[in-house]
Structure formats: structure tokens, C-alpha cells
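# got a predicted model here, sequence first, then my questions.
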Amino acid sequence: MKPLIVAIDGPSGAGKGTVARAVAEELGYKHVDSGAMYRAVAWKALHEGIALDREDDVAGLADASYIDVTTWRVTIDGHDVTRAIRTPEIDRAAAAVARLPKVRAVLVERQRRLGAFGAIVMEGRDIGTVVFPHADVKIYLDATPDERARRRANDPADSGGTSSVADVATALTARDDSDRTRKTSPLVVADDAVRVDTTDKSVGEVVEAVLNVIRSRA
């Protein structure tokens, strides 16, 4: 099978991370969480006291920073931020950073370089529409709002460990609105993406459904 570019998009809580990691492992491909790059930039901007609405400054920080994203570890300029970027505070900050066109320009270029030779599963919100519009396989994962909120509330890494489902649902709605209404690279379903509803499905069932799509394109 030729080395493919597999783009997996969808909103928060749809299961992108878990599914993308499993698919990449099954194929022996590199896995990249593009959202972790925005989270890392947001973390560093907050760490250095840079206001998130100062687009030129945040974009300059992103351009000057060395960000390494692997399946299990995220570092920025040598700082391991794997756990630090998985908090409600950073989720909100990353949403703000993701709305900045100049920051997106910097990170999209890096993402394209990572996938230049294929054999990659990249997850995010604009992978199949902007980063790799000609990806070999495009998947859009989704689930009902209630299911997505439940998953996030039960994941201490994302909820902070103390959030109720109702609180998480409110935060997810705000994030969805931010992602879908931003002017640059909004969250939309690519015309040629295969939609997979993960509600009431096991991880194994979703992974197999995605793999079947990939096999059909090989």
C-alpha cells in the first residue's frame, strides 16, 4: 500500500485522538495531533505573558518556537507540556490562538511539512479542508453533543477532574462556536470526507470503520 495521508477532523469529544492514534499504530504511520501545536503555542504565550489577542506577537512566538508532537509527548522549546496543555484553561486559550490567521499560517506550513511524504494520520479541525485538501483519505468524526460532553467530563486530562457534564457541555458549545465561526480555517466537513458517527460505538468499531475506508482507497 502506498504511503497515504489520512486526515481525521471533527469537534472536541468526537474521539479523534483515540481513533487517530489507533489507526496510525495499525498502519505503522506517524500520528500528529495538530491541535496540540496550537495548545503548545497558547501555553507558551501565557507562560511568557503575551496577550492572546496580539496576533503578531503570538505568530512570532509560534514561528520562533520548536514544537515536537509525537503520539505520547508534546514539547515546545524543550519544555515537556504533554500534561500542561490538557486543561480547560489551555483549551480556551488554544481556541483564541486558533482564531489568529497569522498563527494558523505558521502552523499549517509545519503540518504540511510533516505530512509531505505521506504515511501519516493527522487529526484536527481543518486537516482535510485546509492543511491537506488533497489528502488520500478524509474522515470526519462526530457524536451527539451529550455524548461528547460525557466523554470529556469523564477524562480528567481534559476536564480537570472536577467538571460536571453540564459544565463541560457549556464549554464544548463555546469551543464549537469558536471553531465553526472563525474566519480562517473554520471547522467544516470536507465535501469528500466520510462521516463517521461515534455515538454508542466502541473505539474498536470506529477504528475498524476508518480502516475499512482507508483500505478501500489503497
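Great, that's in hand. Numbers count the residues shown, from 1 in each chain.

# pLDDT wise, what is residue 179 at?
Listed pLDDT for residue 179 reads 88.

# ah, wrong one, I meant residue 163
68.

# who does the helix ranked longest in the chain touch, helix- and strand-wise?
Using DSSP state H to define each element, the chain has its longest helix at helix 165-181. Applying 3 or more CB pairs under 8 Å, 6 or more residues apart in numbering; DSSP states H and E, one finds that helix 165-181 contacts helix 88-98, helix 145-153. In short, each C-beta sits where N, CA and C put it, glycine included.

# go again with 6 Å.
In terms of contacts (3 or more CB pairs under 6 Å, 6 or more residues apart in numbering; DSSP states H and E), helix 165-181 is packed against helix 145-153.

# state the mean pLDDT of the helix it packs on.
90.

# what residues sit buried inside that helix?
147, 148, 149, 150, 151, 152, 153 (16 or more other CB atoms under 10 Å).

# now do that helix and helix 88-98, the angle between them.
120 degrees (axes from the mean of the first three to the mean of the last three CA atoms, to 10 degrees).

# so what does helix 145-153 touch, helix or strand wise?
Using 3+ CB pairs under 6 Å, 6+ apart: helix 145-153 touches helix 156-159, helix 165-181.

# how far does the last one sit from its chain's centre?
Average the C-alpha atoms of helix 165-181, do the same for its chain, and the two points are 15 Å apart (CA atoms, centre = their mean, to the nearest Å).

# do you know how far the spatially closest residue to residue 145 that is not a sequence neighbour is from residue 195?
Excluding the flanking residues, the one nearest residue 145 by CB to CB, 6 or more residues apart in numbering is residue 169, at 6.4 Å. Distance of residue 169 to residue 195, given as CB to CB, to the nearest Å: 22 Å.
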